[in-house]
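In: Starting from these lines, generate the structure:
(one chain, ligands or ions: 2)
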Amino acid sequence: MKQGWEAVIGMEIHAQLATATKIFCGCAVETGGEPNSNTCPVCLGLPGALPVLNEKAVELGSRAALALGLEIQAESNFARKNYFYPDLPKGYQISQYDRPFSANGRLTIMTAERDGHGHATEWKPMEVHIQRMHLEEDAGKNVHEGLPDVNKYSYVDLNRAGTPLGEIVTSPDFRTSWQAYDYVNHVRRVLQWVGASDADMEKGNLRCEANVSVRRIGETTFNNKVELKNLNSVRFMQKAIEFEIERQIAAHEAGEPVNQETRLWDEKKNETRVMRSKEDAHDYRYFPEPDLQPLAVTAEFIEKVRARMPELPDAMRERFVETYQLGYADASHLVSHKDLAEYFETVARITANPKLAANWVLGEFTRELNNSGRAAAAVLVSAEDLAELIITVEAGKINNNQAKEVFAEMFATGKAAAAVIEERGFEQISDPSAIAAIVDGVIAANDANLAAYRGGNEKLFGFFVGQVMKASQGKANPKVVNDILKKRLG
Ligand code: ZN
Ligand code: MN
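Out: Numbers count the residues shown, from 1 in each chain. Ligands and ions are numbered 1, 2, ... in the order given. Take a look at the predicted model:
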């Protein structure tokens, strides 16, 4: 960012709550169905149809709220947000306005400065104020046929209408695009972690908008802000914010106006462009939804939800650092996905060797996983099987290179370590008398090198090790080979 300027960024995230049915009716939440097949009078907005709140949406909303440090309100209200759009058949969206479901969130995230390649340098905690997360219904979708300028037909598909959303709104706390990036990643992971949302931006079940303005450092008032939409990935979002910051600074410095408007990110041109001038809240004519009771959430309900919450990733990372003495970077990688974290922890417990368990999970396991394109949960090698393999290596029954081969086979086929070791004849020879016999044979067959070694050519030690390994077909335990060779060669 240009010297003397700072950005002021607030984030709004719409997260689809992972319920099986819609928020105010019993229609299934599904993607890919025949257009308008998952609909009923309620989500079609037919006259006289009455909404009934889905309790599961409240439960998942509660999980999300707790994971984000929000206070769930004992009572909240639904409200009608009025606007006209073809994919909104009622002419209003049922949302929440002055009394949201949850408010007052204090969330600590980790955020980092980035170098020119976007690589994080030093991670630091940052406290984010989340003003609110309210519950609302999603709209349907307009589908346009043909090229943007020559549309012949537009269609309305209401399968998505009535899908439950949590809208998460922060204060304008972010000063750089990377802070916003780290925040969205944090929210995304935490929502997935607690099962509140699939939070997949590509599938559209997590959508973010960024409100961006800039000001000279030292200024305390806000300049006009621009709302950025159409951000299909966290990386595009970061780029869009960065572009917008530079665009606004240039405009202010040139004395040109920065209009309060909504802009879209054009990922092909790498720039933002105007979509429409921004509505104010009063344009929506919010008023309380007369068809729904206020939503009362009891303390018992919240406690029940809290009791079933998993340990959150940041807490888990700290615990891994403290109890297992892992480095911050390793622990962070392990908690990047809940399945991976749980997998690691099972391996660590069984092997009683967390360091080695982390090495395997972050090394061979992750490599095979990335190559396969599978999710950690779909892997054929159970944590117990990997632990068994690690124990076998530690006991000196097979060496590290053999273990890697064994693991690759386990990963591909799901076979247990012992079975693969036996099939491949990898059982390592550690018996000193068996190895001594091989050593003696090698020494007897290499008179000249023996003399040279004893004459002072110490490099030849490696030659003898190699010969013994070869004679044992790679099965001899290298440590025992070394010990015996040292004695024999004298
Ligand atoms: Zn319906
Ligand atoms: Mn909304």
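In: quick one, what contacts Glu246?
Out: Met1, Lys2 (CB atoms under 8 Å, 6 or more residues apart in numbering). All C-beta spots, glycine's among them, are computed from the backbone N, C-alpha and C.
In: Shouldn't Val134 be within a strand?
Out: No, residue 134 isn't Val; it's His. Yes: assessed by DSSP: H, G, I helix; E, B strand; the rest coil, His134 belongs to a strand.
In: Can you report how many residues lie near whatever residue of the stretch 101-250 of the chain ends up closest to ligand 1?
Out: Per CB to the ion, Gly162 is where the stretch 101-250 of the chain lies closest to ligand 1, at 5.5 Å. Gly162 has 27 neighbours, counted by other CB atoms under 10 Å.
In: Same check on Ile390?
Out: Quick note: Ile390 (other CB under 10 Å) scores 23 neighbours.
In: Now do the strands in the stretch 151-300 of the chain.
Out: Secondary structure of the stretch 151-300 of the chain (DSSP state E, counting those that start in this stretch): strands at 153-157, 164-170, 206-216, 226-231, 261-266, 271-277, 287-288, 295-296.
In: repeat for the stretch 1-150 of the chain
Out: 5-16, 71-72, 75-76, 79-82, 92-95, 102-114, 120-137, 141-145.
In: Columns distance to Ser277 and mean pLDDT on top of those strands, output as JSON lines?
Out: Below are the strands of the stretch 1-150 of the chain laid out as JSON lines (distance: least, CB to CB, whole Å; pLDDT from 0 to 100):
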{"stretch": "strand 5-16", "distance to Ser277": "18", "mean pLDDT": "97"}
{"stretch": "strand 71-72", "distance to Ser277": "34", "mean pLDDT": "98"}
{"stretch": "strand 75-76", "distance to Ser277": "31", "mean pLDDT": "98"}
{"stretch": "strand 79-82", "distance to Ser277": "18", "mean pLDDT": "97"}
{"stretch": "strand 92-95", "distance to Ser277": "20", "mean pLDDT": "98"}
{"stretch": "strand 102-114", "distance to Ser277": "29", "mean pLDDT": "95"}
{"stretch": "strand 120-137", "distance to Ser277": "23", "mean pLDDT": "95"}
{"stretch": "strand 141-145", "distance to Ser277": "20", "mean pLDDT": "88"}
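In: most packed of those strands?
Out: strand 5-16 (a mean of 22; mean count of other CB atoms under 10 Å).
In: Could you list the contact residues of the protein toward ligand 1?
Out: Cys25, Cys27, Cys40, Val42, Cys43 (CB under 5 Å from the ion).
In: mind giving me the domain split of the chain?
Out: 5-300, 311-424, 432-489 (automatic domain parsing).
In: Could you count how many residues lie near Ala28?
Out: Neighbours of Ala28 using other CB under 10 Å come to 12.
In: Renumber starting at 626 from here on
Out: With 626 as the first residue, the last one maps to Ala653.
In: list the contacts for the residue in the stretch 826-975 of the chain positioned nearest to ligand 1?
Out: With CB to the ion, the shortest gap between the stretch 826-975 of the chain and ligand 1 falls at Asp916, namely 14.4 Å. When contacts are counted by CB under 8 Å, 6+ apart, Asp916 touches Leu675, Pro676.
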